[in-house]
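Trainee: With the sequence up front, the predicted model follows.
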There are 6 protein chains.
Amino acid sequence: MSDLVTFGETMLRLSPPHGERLERTRTLDVQAGGAESNVAVAAARLGIDSVWLSKLPDSPLGRRVVSELRSHGVRTGIVWDDPEESRIGTYYLEHGTEPRGTDVTYDRKDAAVTTTVPEELPLGAIRNSEMFYTSGITPALSETLAATTERVLAAAQDGETTTVFDLNYRSKLWSPEAAREEFESLFPAIDLLVAAERDVRSVLDREGDVTELAHGLATDFGFETVVITRGENGSVALHEGEVFEQDIYRAETVDAIGTGDAFVGGFLAKRLHGGNVGEALEYGSATASLKRTVDGDLAVVTPEEVDAVVERDAGGISR
Amino acid sequence: MSDLVTFGETMLRLSPPHGERLERTRTLDVQAGGAESNVAVAAARLGIDSVWLSKLPDSPLGRRVVSELRSHGVRTGIVWDDPEESRIGTYYLEHGTEPRGTDVTYDRKDAAVTTTVPEELPLGAIRNSEMFYTSGITPALSETLAATTERVLAAAQDGETTTVFDLNYRSKLWSPEAAREEFESLFPAIDLLVAAERDVRSVLDREGDVTELAHGLATDFGFETVVITRGENGSVALHEGEVFEQDIYRAETVDAIGTGDAFVGGFLAKRLHGGNVGEALEYGSATASLKRTVDGDLAVVTPEEVDAVVERDAGGISR
Amino acid sequence: MSDLVTFGETMLRLSPPHGERLERTRTLDVQAGGAESNVAVAAARLGIDSVWLSKLPDSPLGRRVVSELRSHGVRTGIVWDDPEESRIGTYYLEHGTEPRGTDVTYDRKDAAVTTTVPEELPLGAIRNSEMFYTSGITPALSETLAATTERVLAAAQDGETTTVFDLNYRSKLWSPEAAREEFESLFPAIDLLVAAERDVRSVLDREGDVTELAHGLATDFGFETVVITRGENGSVALHEGEVFEQDIYRAETVDAIGTGDAFVGGFLAKRLHGGNVGEALEYGSATASLKRTVDGDLAVVTPEEVDAVVERDAGGISR
Amino acid sequence: MSDLVTFGETMLRLSPPHGERLERTRTLDVQAGGAESNVAVAAARLGIDSVWLSKLPDSPLGRRVVSELRSHGVRTGIVWDDPEESRIGTYYLEHGTEPRGTDVTYDRKDAAVTTTVPEELPLGAIRNSEMFYTSGITPALSETLAATTERVLAAAQDGETTTVFDLNYRSKLWSPEAAREEFESLFPAIDLLVAAERDVRSVLDREGDVTELAHGLATDFGFETVVITRGENGSVALHEGEVFEQDIYRAETVDAIGTGDAFVGGFLAKRLHGGNVGEALEYGSATASLKRTVDGDLAVVTPEEVDAVVERDAGGISR
Amino acid sequence: MSDLVTFGETMLRLSPPHGERLERTRTLDVQAGGAESNVAVAAARLGIDSVWLSKLPDSPLGRRVVSELRSHGVRTGIVWDDPEESRIGTYYLEHGTEPRGTDVTYDRKDAAVTTTVPEELPLGAIRNSEMFYTSGITPALSETLAATTERVLAAAQDGETTTVFDLNYRSKLWSPEAAREEFESLFPAIDLLVAAERDVRSVLDREGDVTELAHGLATDFGFETVVITRGENGSVALHEGEVFEQDIYRAETVDAIGTGDAFVGGFLAKRLHGGNVGEALEYGSATASLKRTVDGDLAVVTPEEVDAVVERDAGGISR
Amino acid sequence: MSDLVTFGETMLRLSPPHGERLERTRTLDVQAGGAESNVAVAAARLGIDSVWLSKLPDSPLGRRVVSELRSHGVRTGIVWDDPEESRIGTYYLEHGTEPRGTDVTYDRKDAAVTTTVPEELPLGAIRNSEMFYTSGITPALSETLAATTERVLAAAQDGETTTVFDLNYRSKLWSPEAAREEFESLFPAIDLLVAAERDVRSVLDREGDVTELAHGLATDFGFETVVITRGENGSVALHEGEVFEQDIYRAETVDAIGTGDAFVGGFLAKRLHGGNVGEALEYGSATASLKRTVDGDLAVVTPEEVDAVVERDAGGISR
């Protein structure tokens, strides 16, 4: 029995060296990136027994992703697809420098994962885990995946499993309207909702201050916990009527991609270790700040480093 | 009016550093590769005014390909596709080391080029060029492209343009039977056929020694010239009844990919410069041997270097 | 007929990786750099049909420069010199870090370009272009080039061509007095003058506030347009009596070299596209700010990116 | 219950880029290397559930080793030592080029693993595994480890576990005499002995042709199986009185380090999959030949690749 | 006769590229680093005839250190140890990014230098030099070295040599109590003490404002000069009753390691060139600020660059 | 008093990574290369106290050369030239791959060294050294240097110094006729002549078998020793009437540049250590074969490695 099971797409992330443009580059750095595996990696590194489920082509590229995730201690449950008939999603990332923005070019259409049906997944294992996590990207990838997401969440709810969902709205995948409809149909099966304040307003079409947003969501959909992330303004959680607030920890950003997933991974790790929601917010924020200092989607951190940030004892040279 | 127009797909070629495995790599070298642009580059570098036609997404990746080809002096005629709705083909290349073979993983399905219709192409320019070249890969990529290939060859034939076709059979794209049927329907519009001996036997299903193969093809389909490449055994050409033979030039192979296209580019360049078929075989072989010494699909050579190989005056240190 | 023709020297730019010292480095990054080709590249990338004229040794180093410029869409008109008898200028660039300045070591003496005579240049093409651009570096390189600059500007004036001149005073090439004398002899042939405020004061030996400087120059030499760049303080233009002012756009600087040329390239592109002088200042400033974010002399930007900066809609992560 | 458990030291392997000398290098490639983990990785990649046991400092360097091994699917059972009080062994590898030999500089003294006592190891898990493997390096590292090796082999013998031992004599660690005495005291607990012919002669001080060597060892110490590796001359096995011979598969060598461990890993994998000793020799040889084509200690291969070598169907370009 | 002799340990410094984590890295940058050689390099580069004394294994790693130091003009006096029996200290450096600190992992135990006895050192040369420098790291490394440090300082005092000592307290090597006891026993042989204010308070257990600290030390131990460094707050020196204060020069930090040694090297160089203590503080501070802009332990600077910082004439682009 | 003094030009050697073409490269490897410093480095590494004399610009590029040479233990006597008024010679090296030759592009005209006059050189030190070495490149670089070479050789002859001269004919610098005239005027001042057989025939215009060539030279010009190198055919020496022959040692060539200089460096080192001419040929050949295995102009070898080659005990893996 594992502590955390996640399900979703992981892509090859291909990015030119910092300061070079994609149009001109002769080399691309290769890494694995995807919300659900990012969360699994963060949690695994912070001491949680984590499993990532997905479908991949049985090719060097598919193995590339699995070996990177395994190196962080994540266990993987992969449906291996025929490499001649399937592909892996990729995304090209060009880091920005003010005033030039960071540019993400997706090439993820028809990835192997988009054909995953519930029968291919270990529903029993999901049911027996403490927590199950997926994000709003998963149902956006294909109709098949939207149906599968629904079924998997239902299976998780059958057990004692806490279901966790991060909206992760991606405008390059669908419209706010389509996303809202899908999200609201999934919400009844969700125990813990994570959402960016911006998405709550523009996708879920809600108004009010951040506390009102949280209360409204909890009331309307029966979430046990609502966590709203607010960028530079920190985060807010509503749990069984109680409100928790957390500032961000200052960080010099090497790579912002994956910060939100590191936050979730840290939050869930602390909850699974028995921390309360306020402690989990703090721990998630510290994990996120450390993620920013590392290149790649993944939160390559240790529990000791997160603790040092929480205790404001980080920095300097230790020798 | 240009000397040579080519039409076909060019992909991003992504390869780990020599000696590293794709499954483990953290960086990929990026280059542009595709039979028709490879031929255009070789010819352009050898003094021919060359144009490459294709369709690409209007994205950094599409511009990446165009800028690399332009840097070699190729002019480009691109149909720019909506980057949100289209993709560029990619291929992953892992160099082999005996006894481990070189491995090519294609991810080229649904590339922008596969939707090209004749109306998008500058048929007048094709008609007005000296030569037009495409390969057997183009009609294999989609039904639309098969129809377009036919139309474009017909347009070229309307003018005084010499039409050139290299079989380039790819077993990962279609069966020998499907390829044969398509090839034979295109042959009547072809003036100069280039084919590997292996493909003449196994795809076109013909028998006999190599001269018999060439005579048979010329007789059955009315080619003005037939060039048959024989790997380590050199090449043979049949032109208006006359047979020419050519050995290969020895080379230490850094990268074998693109050798056949370099051969064709050199052959066509010499023909366009007024050389006879025997001289063209010689020039093409020398170009191919130099290609082998350079990493990437492209024949980064100069006319002086090709001449030195032909005159067996190459090698050593010049200082 | 092209939109913009430029003439001048382009060097090999050799620089150690950021953070390493030239004295210690084991690798040098290689790029092409020179005011006139920098301007041609910026304009070409922003949609202008641009031609760069120069003289280079017919060597791998000469071809290196041409292929880089062509990859950005610049057409090149090169006088190829005997590689045994000529050389290409080089410059070594060590990026600074406060309090250590950026250090430029020129090795450009006796470069092939310094022997260019008017007869080697396509004066007809210059006469038929919309605009002709050269900078104050060109006449500083040799007496031959000073005479050639004069003749070429005269030829351009014979046509309808707008002549553009950027002072670009380089203290390592000549004294302020020598530069001033040369500049003032060329001014009657110039329609659009670009100059750094600092150079107007110390080289042209003029006083007053920036508007007075512009009026004084326009009055004394009959320029149609005077553009004065003021570093952090933005830029000012005087055009047919009207004054335009423009702030800079904030940028994080990866590489400051070439910023001024990007400004000019953007300015001229907007003018050639029909924009007024105010719009051109704005567009040039945005191009310059983007240049700062990219390593190398060249403004590797797209029209969409420049528009986004002008509309203050740049930055963030788009996914 | 796992298929294969191994126990031994794994070091950081630090090597300058190919063709550079250690004395001059500015960068070192970092990999994990050690006979027992090399064997575990080869076996895991070939489908065997493999566990590696060791002791490491709880530091980034210790985690570096574990994450690399885990990425290949090996499970790890680590005794984590106080990072302030312990160190990890390292070795510096300079690749040779004829006539310059490959140079290995060990810095492995007092590594954490040398203090491992039996109580720290999961003896039950060893007892319950199909096979247990360690090499002659382990008892050479410290007196403590010599005693532990003895205890662990005894524990394995208590179960049904097949015990496997590769002599792996290292002249930089001990004298032939000391090694022989230690080896012979361990032999009674060994079921399968692997040894280089050279070591059988010079360390175990035996004579005769290779078959006589194998028979002599089997007779004197009661090994179920004796495998003798003979470098370019292939390998020979004696199993329950039957002799098997195997040639090597030709390979172009990128990195020879770890070839012997790849052979053992392939041999054991085939045995655990039910192959007979002859098939295992074949499979081990093929695995070893592929290892030679890859940089690093580890056999980064797939079962399909090993099968292709055995079936002499490898090489060429597949596309 | 040399100007400056230093004695102490120099290690191999191994660090992942900036922005990568040690746990994940595949390459390590290699440099030489140690307080006493850092000081010798800074001084040598600033025109001082400098000698560094130490003991190293006669291996590629030992030669690696010597060749790097010699390249900066330092002369070396090395006791070469048997490479099979000795090792070189190493340290792993992971650069931090806020809020992640810089992490130093030492692996320096039992380094060859720790066995150095006075008889192995050229005491005559030390006696004949203008200055002798060692730091508080040396006696912390072994009891043998503590005794040797005492003897060497005594020998230096016998001559006219000015003895210089930088506390350089390292908490990973010993306790404040042990360090204090050792330091105070050495102080009588010291002419010039350099110490961080922080160490004066916590290790030497003294109180008061910084001037009081300096006066107290001078009074209690008879130092001719006391220099106290105060991080961001600059530095203070007390020399024959006179107090000098110096602010830091602002710098963008690429690598903070070695800044203190650069300060000392600059200070001593100016003193040896005849500058007074105030000028030396200024020169040392400028050297330190330049060190921060360069990767590695060493102050790769020129006298001209230090002068430019002192004269506040640095920065900008010179061309 | 030093053992060996050399005088000549050293250039920056700029080369693209192996397998990349100069025309396309984005990075150049930087090293120092020149016959006279190559010889000094080889000798210094083999235990000879060696000094290299030259003139360089006082710039980062000049210091780059000096620091590389010093790192190998060579002492340097440099005339530092005004960096604004002088330059350093450079050469661009593109490694060949059969059938593509290795290409050297010199850019060495007007290098600082070409203005060296005898008054700038420490003639006394030359006079007091055991040996003085320069090559036929030096007088080819300028008329000034030709005169200086003559004066320096005369000064050396005044002392007891053995004068050594390697023809090193470079066809890119002068004609065979001009070279012959200059060489023959210098020969009376030479004690030991080294020459490639090819140059003896085509430049010195001599005939006969190799022994006849040596005898003829010795007779005509009074050389004490004549060494003729014969490429793959080894080398021959004539010393006081006795003939010595030496085969080459087989080597896999990573970089052939500098092989001849390594031979000379090894030969001279052995002579200075008291070896006879036959031993010196053997030692020089072994040094040359090791040089081939290392990238760069310099023989990065140790005495132990050269001895191992001589004793045919090299190769394999030592662990």
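Mentor: Arrived safely.
Trainee: For chain C, see how far away A:Asp82 is.
Mentor: For A:Asp82, the distance to chain C equals 29 Å [CB to the nearest CB, to the nearest Å]. From N, CA and C alone the C-beta is placed, and that goes for glycine too.
Trainee: ditto for A:Phe132
Mentor: 25 Å.
Trainee: Quick check: closest non-adjacent residue to that residue.
Mentor: With sequence-adjacent residues excluded and distances taken as CB to CB, 6 or more residues apart in numbering or on different chains, A:Phe132 is closest to A:Ala156, at 4.1 Å.
Trainee: hang on, that neighbour packs against A:Tyr133?
Mentor: No: judged on CB atoms under 8 Å, A:Ala156 makes no contact with A:Tyr133 at a distance of 9.6 Å.
Trainee: Find me the pLDDT at the residue nearest to A:Phe132, would you?
Mentor: Note on A:Ala156: pLDDT of 94.
Trainee: Around it, how many other residues sit close by?
Mentor: 27 (other CB atoms under 10 Å in any protein chain shown).
Trainee: ok, now A:Asp82?
Mentor: For A:Asp82, using other CB under 10 Å, the count is 10.
Trainee: What residues are bridge-paired with A:Ser235?
Mentor: A:Thr229, A:Gln246 (DSSP bridges).
Trainee: Can you check which residues contact both of A:Ala156 and A:Tyr133?
Mentor: Here A:Ala156 and A:Tyr133 have A:Thr163 as joint contacts, going by CB atoms under 8 Å, 6 or more residues apart in numbering or on different chains.
Trainee: For the residue nearest to A:Phe132, list the residues it contacts.
Mentor: The neighbours of A:Ala156, taking CB under 8 Å, 6+ apart as the test, are A:Ile126, A:Arg127, A:Ser129, A:Phe132, A:Thr163, A:Ala189.
Trainee: Might one say that A:Arg271 is in contact with A:Glu282?
Mentor: No: using CB under 8 Å, A:Arg271 is not in contact with A:Glu282; the gap is 11.8 Å.
Trainee: picking up where we left off before, okay, and the residue nearest to A:Phe132 sits in which element?
Mentor: helix A:143-158 (DSSP states H and E).
Trainee: Wondering if whichever helix or strand comes after that helix reaches chain C at all.
Mentor: Of the helices and strands lying after helix A:143-158 in sequence (DSSP H and E), the nearest is strand A:162-166. No: using CB under 8 Å from any CB of the partner chain, strand A:162-166 stays clear of chain C, with a minimum separation of 14.6 Å.
Trainee: neighbours around the residue nearest to A:Glu120 when sequence neighbours are not counted, how many?
Mentor: Distance criterion CB to CB, 6+ apart; nearest residue to A:Glu120, sequence neighbours excluded, is A:Val79 at 4.7 Å. The number of residues packed around A:Val79, counting by other CB under 10 Å, is 17.
Trainee: now for the helix or strand where A:Val79 lies, which elements pack on it?
Mentor: If you go by DSSP H and E, A:Val79 is part of strand A:75-81. Packing partners of strand A:75-81 (3 or more CB pairs under 8 Å, 6 or more residues apart in numbering or on different chains; DSSP states H and E): strand A:50-57, helix A:60-71.
Trainee: looking at these, which is buried most?
Mentor: Highest mean neighbour count among the helices and strands packed on strand A:75-81 (mean count of other CB atoms under 10 Å in any protein chain shown): strand A:50-57, with a mean of 26.
Trainee: Just the angle for that strand relative to strand A:75-81, thanks.
Mentor: Comparing the axes of strand A:50-57 and strand A:75-81 via axes from the mean of the first three to the mean of the last three CA atoms, to 10 degrees yields an angle of 20 degrees.
Trainee: Now strand A:50-57: average pLDDT?
Mentor: Average pLDDT, strand A:50-57: 98.
Trainee: okay but A:Tyr169 is in contact with A:Val203, surely?
Mentor: Yes: using CB under 8 Å, A:Tyr169 is in contact with A:Val203, at 4.8 Å.
Trainee: Spit out the residues that contact those two alike.
Mentor: A:Pro176, A:Ala179.
Trainee: And A:Asp313, what's its pLDDT?
Mentor: pLDDT, read off for A:Asp313, is 67.
Trainee: where exactly do the helices run in chain A?
Mentor: Using DSSP state H, the helices of chain A run over A:35-45, A:60-71, A:123-128, A:137-141, A:143-158, A:176-186, A:197-202, A:210-221, A:259-272, A:277-291, A:303-310.
Trainee: closest to C:Val236 out of the ones you listed?
Mentor: helix A:197-202 (39.5 Å; CB to CB).
Trainee: which other helices and strands contact that closest one?
Mentor: helix A:210-221, strand A:225-229.
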